[in-house]
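A.B. asks: pasting the sequence and the predicted model now:
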Amino acid sequence: MSYPPCPNPDRKALEALGARVRERLAADPSVEKVPVEAAEIWAVAEFLSPAECDRLIGLVDAGAKPSGLLTDGYGTGWRTSYSGDVDPTDPFVMMIERRIDDLLGIPHEWGETIQGQRYEPGQEFREHMDWFWTRAKYWKDEARRGGQRGITAMAYLNDVEAGGATEFLNLGISIAPQRGALIVWNNAGIDGSLNQATLHAGRPVEAGVKYVITKWYRSRKWG
């Protein structure tokens, strides 16, 4: 799956955001860069402690409901997990968000509220991009409330018995869930172009349950 070309009014802002994150992560010895050429992906092992993972799992369960998605270009059954935003005013959530902000060097105001996701056996999120297709009907609203999604930060809250990997289809890599690990990727190219190499999927869980949290950062202040 790929999108046809579309306007990219936030290209310069995405270029600057990518440069900021790239410099920040390159200077952090806890960060490992995934060795691919067509996209920028980083990983941090044990970013969250087991106790933090357990507490976040409880918050995900408390707010979980069938996942929705921006429908342009997607069919029924594309995303079959449960998801929900966690309470952004909870001091524990605020602490986790600040740690992600600090890791990436992005102003807190540019980040969306953390969303939790739960995948039960057979559930998945089929191939998709995190950046917005600017020809879609939803784009006018998203442009007003922060613009393009530039950076994705996703943490695995548990090990999964079988399945549930995050697969980047155009890059030929698959990342298995690892409790506490944080995965970060730039949805744009180095020049700020919308990067179709970031096409990815949450593969079906085969056994057990998969929990993740995701935080998206916009090209400017969100909200």
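C.D. replies: Sure thing, it's come through.
A.B. asks: that's a strand at Ser83, yeah?
C.D. replies: Yes - counting by DSSP: H, G, I helix; E, B strand; the rest coil, Ser83 falls inside a strand.
A.B. asks: what's the mean pLDDT across the longest helix seen in the chain?
C.D. replies: Longest helix in the chain, counting residues (DSSP state H): helix 11-26. Model confidence over helix 11-26, given as mean pLDDT, is 98.
A.B. asks: how far does the following helix or strand past it sit from the chain's center?
C.D. replies: Per DSSP states H and E, helix 11-26 leads on to strand 32-33 as the next helix or strand towards the C-terminus. Distance, stretch centre to chain centre, for strand 32-33: 17 Å (Cα atoms, centre = their mean, to the nearest Å).
A.B. asks: what packs against the helix or strand just after strand 32-33?
C.D. replies: Note on strand 32-33: by DSSP H and E, the next helix or strand toward the C-terminus is strand 41-44. Under the contact criterion of 3 or more Cβ pairs under 8 Å, 6 or more residues apart in numbering; DSSP states H and E, strand 41-44 touches strand 32-33, strand 182-186. For glycine as for every other residue, the C-beta is placed from the backbone atoms N, C-alpha and C.
A.B. asks: only alpha carbons, please: show strand 41-44 as CSV.
C.D. replies: Backbone C-alpha positions of strand 41-44 (Å, rounded to 0.1, in the frame of the first residue of the first chain) are rendered in CSV as follows:
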residue,chain,number,x,y,z
ILE,A,41,14.3,4.3,13.3
TRP,A,42,15.7,4.3,16.8
ALA,A,43,15.3,1.9,19.8
VAL,A,44,15.9,2.3,23.5
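A.B. asks: and the longest helix of the chain, what does it pack onto?
C.D. replies: If you count contacts as 3+ Cβ pairs under 8 Å, 6+ apart, helix 11-26 packs onto helix 91-104, strand 149-156, strand 182-186.
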